[in-house]
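Q: My questions are about this predicted structure, shown below with the sequence.
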Amino acid sequence: MEIIKALKESKLTGLGGAGFPTWQKWQLVKEAEDRKRFVICNLSEGEADVFKDEYILIHHLKELIFGIELAADTIMAQKSYIFLNDKYKKYFKKIKRSTSGRKIEIFIDTGRYLSGEETTLLQVMEGKLRQPKNKPPYPTESGLYGCPTLVNNAETLYRAYLVSTGNYQAKRFYSITADSGKKKIIEASVAAKISEIIGPKIFWSAKFARISGPSGYFLLREKFDQSVDGTGAIRIYGHRRRIIDGLVDSVIFLKSESCGKCTPCREGTYRIAEKINQLLDSNSLWDRKEIVEVMVEIAEAAKESSFCTLGKSVATPVISTIENFKQELIGE
Amino acid sequence: MNKIFEIKINDKKYKVRDGDTVLEVAKKNKLHIPTLCYHPDLLPNGNCRLCLVEAILKDNLSLVSACSTKVVPDLKIKLDTPKVKRIRRINLEMLLSDHIKKCDSCNWHDNCELKKLAKDFGIKESRFSERRRKFKIDCKTPSMLWDSSKCIECGNCLSSCKEISGMDNIETQYRGSSIIFGPKGGRSFAETNCVFCGQCILRCPSGSLQEKSEVNQVKKFLARKMGQIAVAQLAPSTRYSIGELFGLSPGENLEKKLVASLRKIGFDYVLDVNVGVDIVAIEEAEEFIERFESKKRLPIFTACCPAWVRYVEIFHHELISQLTTTKSPVHCLASATKSYFSKKIKINPKKIKIVSIVPCVANKFESTLPELRFGKRPEIDFVLTVRETARLLKSKNINLAEEDEVEFDSPFGQATGAGVISGASGGVMESVLRTVVAKLSGGEITKLQFNEVRGLGGVKEAIVDIDDQNIEVAVVSGLANASRLLKDMKSGVKRYNYVEVMACPGGCLGGGGQPIPTTGEIREKRRATYYSDDEIKPLRRVHENQDLMKMYEALDAKPLSDRAKRLFHRGFIKRKVK
């Protein structure tokens, strides 16, 4: 019980995007009735702009393994898995070496955006269709092969280990991509402002930024005094870039990474991409206004009626662009 | 016992049982929720997002899909709020523009769910362009037609193949929003292990999967017969369901009207496949008695279902020797027609063209097999499903409900009740047992009803005792159930002497060629009339059918004699698993 209490006090939340309180998830699995349990370390990291898990693999692998073992001990799991994206296959030997002698198995997946969603991840591990499942039951009740399963992001497990050793200082990793494509990881406080995280040099080179990857939102430089949640990804767009470029990036990614299960996400992403092209080609202000209206309508449908959280997040980039940059988009 | 509690729908209280979904509750209380991908035979997958409702639980408002959301205490549901309507509408609009409309050739022509929804929502013109420019069409197999341009990616075909047939011949291809569902490998059903049961066709709401139509060939033939004789043969279960496509209720026996209308459009003779079933029953009964007494090659499996035969030929080579060698009823009748009937009317069998009207898609494939030829020509020249037959009649402006009533041509005399019940799972078994029991007991036992093998259950078992011998039988419908039973038999948990397998749930009455929609409720309605029609038949045991015996005499054959074997029996081929 000690560690769960410590996690509760530390206010650690899931760092994979959804931000569910970690202690609560652990508690749920621990209290589940089924005796057979699993821990899965989610190292799928299929979203663009995020590379903190890779950073952990390189620099903090030992702590991560300890974190997995800690979770397994706490919830009394039979076995743990590392769900590894195959773009990180080059670290396979390294992980194998450090997990030897432990009850940890590595599962390599072809790596898609959606595998990061926990029910899809479980479907993939069970060899089923790469599409999300109905919730409830949540994986904490009925996960891998119907057993209670704790699915945590790699960084969450790493931070949980830090909590257990008393070294957790409410910090997290931020993945920063500059306009030039240069990437770096910065560790900063969970409540830090964007301007503090990225530092003055990048700050002044930015026109706007995309927060939390393709399914995240866009912010103008004036609003860089906010903090970052979700996956902790910040992508900077420079002064020469148009807001529509950012939106196109996001939508094209989402369109090709949708699992195709439900209508609003599968058709919606396709139609939004189509409407953006029409927007770029259109010369009439009247038309452009109408196109934006349709985009809002589709985004609302995706937000309200998609099957999984990733489908719901399709709306975020679209709505945030239209809300914050409507003038630029329509070109009044 | 499930718990019973109350939930609120549109501020009205309803009693519900734990485990029900919101959609089930709404249906029970006659509240309308639009659905598209929902099918009562399948587990809900929640893909189309049209059955959205507003759900309020502990002050948390969210939109959920009614088909997959289970009720919980204190749940409040709002059915048609403006927001729900707006979002349903845009989802439907996007689905419609994903579907290339080829309405005139579609299975759903008269009762299209998509069209109906578009009308309900008042969608007149789409704000989106047609999105599928490149698409695939597969018509390589004799049975299936797959047109991906109509697919709305609901995934029902994949669920049907998995849940009902226990196979995985359908998979998804491409990623993201260009995903499509289609045959494994992405090209053709010819490259899969598909057995052509057609269950996916019954559950495809967009008409993307259909049977390969032979309507035009039949029309062409009827228009220019060139001195040939056109013979139509009607399978037992077709006459009970075809009325559904003409607005009549399921289970109505329309054989006389069908005969009249088929004559009208140019068929010279219309024959009853019930005679074929009689031949099958008597041949199979003899075969069973022979094998049962010598205790060789037991258990004996029926082979009247072409999809099941193909399933064995592909997946269970060890069972091939245990299949009864009797052909399927349609082929037995076709064989008798081309041998006995042609002699009777003094016409060269080459000049007889047989159009078989069946509730089956696999029959189309079966009729092309080299093992099933009469001389060098196929025994059956064209195969029409119930849906195709209705389309053919409609194209000739025939409304079945208003036709006259005409009797079948009966060159073979009358048929027993065996044929009538063979449309339901357990029917063939029951007709065979009637004869077997009477023969084995020397006429002492005259049992006519075997209630244990009736009904729509997936697996039914019975023990029939005659003197001191027990015949243990099993009746299975649905290939997923069959594969489970085979596993049990292999491991020795279950032992039988006689097993009947039908690939479609409920037997031919749930066949892949039956009218759409086919649900459990409709199947039950179709089934109910079969047994009442059997009861009023004067003859119910095939070996007492004197007309049939006359035919055997004229053919200079006896059941299971060499001549009968040449006409009514077949061989099987080991096929490779792909």
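A: Structure received.
Q: Relative to the whole chain's centre, how far out is stretch A:61-72?
A: On the basis of C-alpha atoms, centre = their mean, to the nearest Å, stretch A:61-72 sits 21 Å off its chain's mean C-alpha point.
Q: Could you pull out the buried residues of it?
A: A:61, A:63-72 (16 or more other C-beta atoms under 10 Å in any protein chain shown). Just so you know, the C-beta spots here come from the backbone N, C-alpha and C atoms, and that holds for glycine as well.
Q: Count the neighbours of the residue in the stretch 101-250 of chain A that chain B sits nearest to for me.
A: Nearest residue of the stretch 101-250 of chain A to chain B (C-beta to the nearest C-beta) works out as residue A:134 at 5.2 Å. Neighbour count for residue A:134, taken as other C-beta atoms under 10 Å in any protein chain shown: 16.
Q: Tell me who's in contact with it.
A: A:119, B:46, B:68 (C-beta atoms under 8 Å, 6 or more residues apart in numbering or on different chains).
Q: So it: helix, strand or coil?
A: coil (DSSP: H, G, I helix; E, B strand; the rest coil).
Q: check which helix or strand covers the closest residue to chain B within chain A.
A: Per C-beta to the nearest C-beta, residue A:260 is where chain A lies closest to chain B, at 3.1 Å. Following DSSP states H and E, there is no helix or strand that holds residue A:260.
Q: mind checking pLDDT for it?
A: At residue A:260, the model reports a pLDDT of 88.
Q: all strands for the stretch 51-200 of chain A, in order.
A: Assigned by DSSP state E, counting those that start in this stretch, the stretch 51-200 of chain A shows strands spanning A:79-85, A:104-109, A:149-153, A:171-177, A:183-189.
Q: swap in the stretch 301-450 of chain B?
A: B:352-358, B:373-374, B:377-378, B:382-385.
Q: The first one: partners in the sheet, and parallel or antiparallel?
A: Strand B:352-358 has the following strand partners under DSSP bridges: strand B:229-234 (parallel), strand B:382-385 (parallel).
Q: Give me the pLDDT for residue 59.
A: Picking chain A for this. Residue A:59 is given a pLDDT of 94.
Q: other chain: chain B
A: 85.
Q: and it, how many neighbours does it have?
A: Taking other C-beta under 10 Å as the criterion, the count of residues near residue B:59 is 6.
Q: Break chain B into its domains for me.
A: Here the domain parsing of chain B from automatic domain parsing is B:4-80, B:94-211, B:276-330+B:413-568.
Q: centre of the chain versus the last one, how much separation?
A: Mean C-alpha position of domain B:276-330+B:413-568 versus that of the full chain (C-alpha atoms, centre = their mean) differs by 16 Å.
Q: who touches the lengthiest helix in chain A?
A: The residue-count maximum for a helix in chain A (DSSP state H) belongs to helix A:285-305. With contacts defined as C-beta under 8 Å, 6+ apart, helix A:285-305 is touched by A:262-265, A:268-269, A:271-272, A:275-276, A:278-279, A:282, A:311-312, A:314-316, A:318-319, A:322, A:326, A:329-332, B:49, B:52, B:63, B:65, B:83, B:86-87, B:90-91, B:94, B:127.
Q: what's the straight distance from one end of stretch A:79-99 to the other?
A: Distance across stretch A:79-99, first residue to last, is 12 Å (C-alpha to C-alpha, to the nearest Å).
Q: let me fix that: stretch B:9-25
A: 9 Å.
Q: same thing with stretch B:56-67?
A: For stretch B:56-67, the end-to-end distance is 16 Å (C-alpha to C-alpha).
Q: re earlier: export the strands of the stretch 51-200 of chain A to a markdown table and tack on mean neighbour count, distance to residue B:516 and mean pLDDT?
A: Converted to a markdown table, these look like this (neighbours: other C-beta atoms under 10 Å in any protein chain shown; distance: least, C-beta to C-beta, whole Å; pLDDT from 0 to 100):
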| stretch | mean neighbour count | distance to residue B:516 | mean pLDDT |
| --- | --- | --- | --- |
| strand A:79-85 | 22 | 42 | 93 |
| strand A:104-109 | 16 | 38 | 91 |
| strand A:149-153 | 27 | 40 | 94 |
| strand A:171-177 | 22 | 51 | 94 |
| strand A:183-189 | 15 | 54 | 93 |
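Q: Residue B:426: which of those strands is closest?
A: Smallest distance to residue B:426 across these (C-beta to C-beta): 43.0 Å, for strand A:149-153.
Q: Which other helices and strands does the closest one contact?
A: If contacts are counted by 3 or more C-beta pairs under 8 Å, 6 or more residues apart in numbering or on different chains; DSSP states H and E, strand A:149-153 sits against helix A:22-31, strand A:38-43, helix A:61-75, helix A:118-125.
Q: did I read that right, residue B:8 in a strand?
A: Yes. Residue B:8: assigned to a strand according to three-state DSSP.
Q: quick one on the thing from earlier: and the gap between the residue of chain A closest to chain B and residue A:316?
A: 20 Å (C-beta to C-beta, to the nearest Å).
Q: Between the two, which is the more surrounded one?
A: Of the pair residue A:260 and residue A:316, residue A:260 is the one with more neighbours under other C-beta under 10 Å, namely 26 against 23.
Q: still on that earlier bit, of the contacts of residue A:134 - the most surrounded one?
A: residue B:46 (23 neighbours).
Q: On the pLDDT front, check that residue for me.
A: The model's pLDDT for residue B:46 equals 88.
Q: Angles on the backbone of it, please.
A: phi 60, psi 40 (degrees, to the nearest 10).
Q: Quick check: it touching residue B:63?
A: No. Under the criterion of C-beta atoms under 8 Å, residue B:46 makes no contact with residue B:63, lying 11.7 Å away.
Q: how about the helices and strands packed on strand A:149-153, which one is nearest residue B:531?
A: Across these, closest to residue B:531 is helix A:118-125 (C-beta to C-beta), at 43.5 Å.
Q: ok, which residues in the stretch 201-332 of chain A are in contact with chain B?
A: Contacts of the stretch 201-332 of chain A with chain B, taken as C-beta under 8 Å from any C-beta of the partner chain, map to A:255-271, A:274, A:294, A:297-298, A:300-301, A:304-307.
Q: Including distance to chain A, could the domains of chain B go into CSV?
A: As requested, these are exported to CSV (distance: least, C-beta to the nearest C-beta, whole Å):
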stretch, distance to chain A
domain B:4-80, 5
domain B:94-211, 3
domain B:276-330+B:413-568, 16
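Q: Including distance to residue B:574, could those domains go into a markdown table?
A: Below are these laid out as a markdown table (distance: least, C-beta to C-beta, whole Å):
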| stretch | distance to residue B:574 |
| --- | --- |
| domain B:4-80 | 32 |
| domain B:94-211 | 13 |
| domain B:276-330+B:413-568 | 5 |
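Q: could you point out where chain B is predicted with low confidence?
A: For chain B, applying pLDDT under 70 flags the ranges B:1, B:133.
Q: Just the helices from the stretch 251-400 of chain B, written as ranges.
A: Per DSSP state H, counting those that start in this stretch, the stretch 251-400 of chain B carries helices over the ranges B:255-264, B:274-294, B:306-315, B:329-336, B:342-344, B:362-366, B:386-395.
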